[in-house]
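Asks: Prediction below, plus the sequence it came from.
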Amino acid sequence: MKKIYHLSSCSTCKRILEAIDAKGNGFVLQDIKTEKITPKQLEEMHTLSGSYEALFSRRSMKYRPMGLHEKELTEKDYHDLILQEYSFLKRPVAIVGKQIFIGSEKKVVEGLEKAL
């Protein structure tokens with residue numbers, strides 16, 4: 001399976017999708033703003049990544065206003081927050097077979113390109 005969870009309004013996601021030719025390489029694309037992440041999908045990401053924290057974005061515009069930067073969050077907190085608010089998922093998240101690539105760091109994108 002090849003799948004990418006992304007935000008269509010995110011310029012970084014768009015750049016990465018173009019760079020790896022996501023459609024040409026057979027990826028199923030899911031815009032997480034219009035098609036919410038299901039608990040089953042999040043569980044699959046968790047299984048591959050090893051933690052919900054790895055999937056969580058502290059860059060979300062809602063992170064500070066909700067006072068989350070002042071709290072010690074648990075794995076359950078990360079899980080619940082990602083399901084409640086799409087912007088808490090670090091983007092993009094790409095799954096290629098049994099490998100997961102989370103975020104837009106250069107080394108992550110390079111690893112994704114190699115996996116193709």
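Replies: It's in.

Asks: Only the buried residues of the worst-scoring helix or strand of the chain on mean pLDDT, if you could.
Replies: One helix or strand of the chain scores below all others by mean pLDDT, DSSP states H and E: helix 106-115, with a mean of 91. For helix 106-115, burial by neighbour count (16 or more other C-beta atoms under 10 Å) applies to 108-109, 112. All C-beta atoms are positioned from the backbone trio N, CA, C, and that covers glycine.

Asks: most remote residue from this structure's center?
Replies: Farthest-out residue of the chain from its mean C-alpha position, per C-alpha atoms, centre = their mean: residue 70, at 23.2 Å.

Asks: next one: phi and psi at that residue?
Replies: When quoted as degrees, to the nearest 10, the phi and psi of residue 70 stand at phi -100, psi 0.

Asks: now that we're looking at residue 109, how far away is residue 77 from it?
Replies: 28 Å (C-beta to C-beta, to the nearest Å).

Asks: Residue 56 too?
Replies: 9 Å.

Asks: Those two - which one has more neighbours?
Replies: Using other C-beta atoms under 10 Å as the criterion, residue 56 and residue 77 rank with residue 56 on top: 22 against 15.

Asks: quick one: contacts for the more buried one?
Replies: Residues in contact with residue 56 (C-beta atoms under 8 Å, 6 or more residues apart in numbering) are 73, 78, 81-82, 88-90.

Asks: Let's have these in a markdown table, adding pLDDT and distance to residue 99.
Replies: Below are those laid out as a markdown table (pLDDT from 0 to 100; distance: C-beta to C-beta, whole Å):
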| residue | pLDDT | distance to residue 99 |
| --- | --- | --- |
| 73 | 96 | 26 |
| 78 | 97 | 21 |
| 81 | 97 | 25 |
| 82 | 97 | 20 |
| 88 | 97 | 22 |
| 89 | 97 | 18 |
| 90 | 96 | 16 |
